[in-house]
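>>> Would you be able to build a 3D model of this:
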Amino acid sequence: MSGGPVTSMTGFGRGVCEADGFAVQAEAKSFNQRFLKVISRLPSELGFLEEDIRKRVTNMASRGQIEVTVKLSGSIPGGTYHLNAEALRAHYTEWLKANDDLGLEVAVPVESLLRIPDVWVEGTPREEALEAVSELVTTAVDGALEMLGKMRKQEGEATRKDLYSIGGGLREIVKAIEALWPEARMFAVERLRPVVAELLGSEDGNVPAGIERELIQLADRSDISEELKRLESHLAQYLASLEEGGPVGRRLEFLLQEMHRELNTIASKSLDARISSHVVEAKVLMERGREQVQNIE
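So this is what the prediction gives:
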């Protein structure tokens, strides 16, 4: 069996990058989601990298909820501090007020005031420091996404094999129904004829030619040949999609839905218990397939 890769929507990846005693750890988790949804959790000072991370995720995935979390070990180097003049003024005013209230004439200890924590405020890190940190973050995120991508492909390949096996089982069931149908059509007439003959009071079990034609027309109305043709067509597309690979999850989901619809029609038309039994087998397989396609792109 050959073909392109089918990718799972679940997986996990981690990436780490260190430099000059500063470390960045990135984690990427992926969950089932009908469409692509990207969630990034970054330290506030690195919020400007959110759009870049979103683009990187978009380039490697088309479906699923992907969460990227970045954690820093150590403070961002190169930070600057500036004087909080308003805080210093408030402390100075309080000192003067205390002097006045207590009747003191103590000089204001400016050096002591400058050592109060809220007098100094950490400013935005220097541009070159942020650039260095952003490179570390990008490297760590790329590592996490690469690991995530490998896991998604490995799980996707296992799912593709199972879906292909399901398709093979469905193909065998369709063949079995096709082989039974001509016999089942005549069996329907043979089964109805004695019932009608008994109702008409026929001693030899025969019915008039006109009623015989009605019985045949009734059997024709239960013809499932068109449903079988459409079922074969959908199944061929299903198997071809798995061979082609890529983001085929929604297409496979649609095809399984259409095949389920055709099987329901066959079940409602058929009067043969053997065909009904095959329909049940096919539905069990398709239910398994519908659960599996929820896990792939």
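
>>> Just after the worst-scoring helix or strand of the chain on mean pLDDT, pick out the following helix or strand.
When the helices and strands of the chain are scored by mean pLDDT, DSSP states H and E, helix 209-221 comes last with a mean of 64. In the C-terminal direction, the helix or strand that comes right after helix 209-221 (DSSP states H and E) is helix 225-244.

>>> Can you list the low-confidence ranges for this protein?
Low-confidence segments of the chain (pLDDT under 70): 1-4, 75-82, 121-128, 185-207, 209-221.

>>> just the strands in it please.
When assigned using DSSP state E, the strands of the chain occupy the ranges 11-19, 22-31, 36-41, 64-73, 81-83, 120-122.

>>> can I get those strands in a markdown table with mean neighbour count?
In short, each C-beta sits where N, CA and C put it, glycine included. Formatted as a markdown table, these follow (neighbours: other Cβ atoms under 10 Å):
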| stretch | mean neighbour count |
| --- | --- |
| strand 11-19 | 18 |
| strand 22-31 | 21 |
| strand 36-41 | 15 |
| strand 64-73 | 19 |
| strand 81-83 | 10 |
| strand 120-122 | 13 |
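
>>> what about stretch 61-73, distance to the chain center?
14 Å (Cα atoms, centre = their mean, to the nearest Å).

>>> ditto for stretch 255-271
That offset, for stretch 255-271, works out to 27 Å (Cα atoms, centre = their mean).

>>> ok, residues contacting that stretch?
Here stretch 255-271 makes contact (Cβ atoms under 8 Å, 6 or more residues apart in numbering) with 170, 177, 184, 187-188, 191, 221-224, 227-228, 230-231, 234-235, 237-238, 241, 275-276, 279, 282-283, 286, 289-290, 293.

>>> What's the ChimeraX syntax to select whichever of the residues you listed are buried?
Applying 16 or more other Cβ atoms under 10 Å to these, the buried members can be selected in ChimeraX as follows:
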select :170,177,184,188,222,224,227,228,231,234,235,237,238,241,275,279,282,283,286,289,293
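
>>> how many other residues sit next to the residue lying closest to I296 once chain neighbours are set aside?
Excluding its sequence neighbours, the residue lying closest to I296 (Cβ to Cβ, 6 or more residues apart in numbering) is G249, at 4.4 Å. Look at G249: counted by other Cβ atoms under 10 Å, it has 27 neighbours.

>>> Then the one 3 residues further on?
Burial of L252, expressed as a neighbour count using other Cβ under 10 Å, amounts to 22.

>>> swap in M151?
With other Cβ under 10 Å as criterion, M151 counts 18.

>>> Enumerate every residue touching it.
Contacts of M151 by Cβ under 8 Å, 6+ apart are 8, 11-13.

>>> of those, closest to K153?
Distance to K153, by Cβ to Cβ, is smallest for S8 among these, at 7.5 Å.

>>> right, and the closest one touches K150 too?
No - counting by Cβ atoms under 8 Å, K150 is not a contact partner of S8; they are 10.9 Å apart.

>>> Of those two, give the one with the bigger neighbour count.
Using other Cβ under 10 Å, the more surrounded residue of S8 and K150 is S8, with 23 against 12.

>>> how much space is there between V57 and E157?
As judged by Cβ to Cβ, to the nearest Å, V57 and E157 stand 21 Å apart.

>>> between the two, which one's more packed in?
More crowded of V57 and E157, by other Cβ under 10 Å: V57, with 22 against 15.

>>> wait, what's in contact with the more buried one?
28, 36, 38, 66, 68, 145.

>>> Recalculate using a threshold of 10 Å.
The contact partners of V57, by Cβ atoms under 10 Å, 6 or more residues apart in numbering, come to 28, 30, 36-40, 64, 66-68, 141, 145, 148.

>>> and the gap between the residue nearest to I296 and E155?
Taking Cβ to Cβ, one finds G249 at 13 Å from E155.
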